[in-house]
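# Here is a sequence with its predicted model. Questions after.
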Amino acid sequence: MLHPGAPVVISQPRNHFPIAAGQGRHLLLAGGIGVTPLIAMGHELSRANRPFELYYKARTRRQAAFISELEAVPWRSRVHFHFSDENRLDISSVLAGYAEGDHVYTCGPAAFMDTVFEAATALGWPEDALHREYFSVPDEPERENHDFEIEIASTRQRIAVPANLKATEALKQAGISIVVKCSDGLCGTCSTRYLSGDVEHRDYVLSKSQRDQRMILCCSRAKAAGGRITLDL
Ligand code: FES
């Protein structure tokens with residue numbers, strides 16, 4: 001539908017992978033093209049004069065994206081290239097020596113990010129210090145969907161969510177529109193505050209502490225059949 005000169009409506013970008021507050025080190029670990037958001041973070045951390053290092057793992061130098069851009073950044077001394085065929089990345093030594101206020105950020109294939117998180121956890125990094133961004137839906141475990149119910153806190157309206165519908169779809173049928181973008185629990189657009197209920201979180205975007213208050217309506221559901229979740233709407 002696009003052609004030169006066609007007006008395009010855009011909204012403000014949302015950042016679901018922000019840099020944490022704190023005075024410690026920020027370690028950015030990229031797997032392949034997952035380096036993309038971490039380059040932006042490197043620029044931001046450099047501008048703010050905060051301590052950081054970027055480790056970029058790829059199969060070969062020839063296949064890796066953004067090499068020439070990273071060779072030219074003003075913070076080049078903080079960039080560490082690791083190619084499987086010349087200089088393998090030793091994740092555990094990169095993550096050694098955790099101190100309070102340190103944060104690690106990773107983006108890349110799910111298996112790479114899992115390895116980073118597992119190594120960090122084994123080395124004593126707390127969950128709140130670990131951040132990741134998925135760019136595709138990882139393999140999902142088999143899950144059973146139950147019927148459940150949503151209550152709208154402001155009106156007390158109750159909406160049944162049958163097992164074959166997502167919460168966003170049931171809400172839409174009831175005339176309540178929730179903005180949805182990815183529909184896969186990756187982007188965070190449909191994140192909504194809930195006030196009560198046992199939620200089975202199935203998203204890839206909320207942190208553990210965010211899950212205490214928010215749920216991703218395009219994929220998360222009540223934990224048990226017949227459960228009720230009250231949304232702060
Ligand atoms: S629409 Fe992307 S997380 Fe729900």
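Received the coordinates, thanks.

# Would you mind listing what in this structure touches the ligand?
Counting by Cβ under 6 Å from any ligand atom, the residues of the chain close to the ligand are 180-183, 185-190, 203, 205, 216, 218. (C-beta placed from N, C-alpha, C; glycine too.)

# out of those residues, which are inside helices?
Secondary structure from DSSP state H places none of the residues of the chain next to the ligand in helices.

# Restricted to buried residues, select these in ChimeraX.
Selection of buried members from these for ChimeraX, criterion 16 or more other Cβ atoms under 10 Å:
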select :180,182,185,186,187,188,189,190,203,205,216,218
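
# Would you format the residues of the chain next to the ligand as a markdown table with pLDDT and distance to V137 included?
Converted to a markdown table, the residues of the chain next to the ligand look like this (pLDDT from 0 to 100; distance: Cβ to Cβ, whole Å):
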| residue | pLDDT | distance to V137 |
| --- | --- | --- |
| V180 | 94 | 15 |
| K181 | 90 | 13 |
| C182 | 90 | 9 |
| S183 | 92 | 10 |
| G185 | 93 | 8 |
| L186 | 90 | 7 |
| C187 | 88 | 11 |
| G188 | 90 | 14 |
| T189 | 91 | 15 |
| C190 | 96 | 15 |
| D203 | 94 | 10 |
| V205 | 88 | 11 |
| I216 | 97 | 13 |
| C218 | 97 | 12 |
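
# List the ones among the residues of the chain next to the ligand that fall in strands.
Of the positions in these, I216 sit in strands, assigned by DSSP state E.

# Which single one of the residues of the chain next to the ligand is nearest to G32?
Out of the residues of the chain next to the ligand, the one with the shortest distance to G32 is L186. That distance is 17.2 Å, counting by Cβ to Cβ.

# Pull up the gap between the closest one and R132, please.
Here the distance between L186 and R132 works out to 11 Å (Cβ to Cβ, to the nearest Å).

# again, but for R62
R62 sits 27 Å away from R132, taking Cβ to Cβ as the criterion.

# who touches the one helix or strand L28 maps to?
L28 belongs to strand 26-31 when elements are defined using DSSP states H and E. Contacts to strand 26-31, defined as Cβ atoms under 8 Å, 6 or more residues apart in numbering, come from residues 19-20, 38, 41-42, 45, 50-58, 89, 91, 94-95, 102-109, 112-113, 116.

# what mean pLDDT does it have?
When the per-residue pLDDT values of strand 26-31 are averaged, the result is 98.

# how about the strands in this structure?
In the chain, the segments counted as strands under DSSP E are 26-31, 52-58, 79-83, 103-107, 130-133, 148-152, 158-161, 191-196, 199-200, 214-216, 221-222, 228-231.

# Packed most tightly, which of those strands would that be?
Of the strands of the chain, the one with the most neighbours on average (mean count of other Cβ atoms under 10 Å) is strand 26-31, at a mean of 26.

# Partner strands of that strand, with direction?
Based on DSSP bridges, the pairing partners of strand 26-31 within the sheet are strand 52-58 (parallel), strand 103-107 (parallel).

# I'd like to know which elements the lowest-mean-pLDDT helix or strand in the chain is packed against.
Sorted by mean pLDDT, DSSP states H and E, the helices and strands of the chain end with helix 208-211, the least confident at a mean of 88. Helix 208-211 sits against no helix or strand, with contacts defined as 3 or more Cβ pairs under 8 Å, 6 or more residues apart in numbering; DSSP states H and E.
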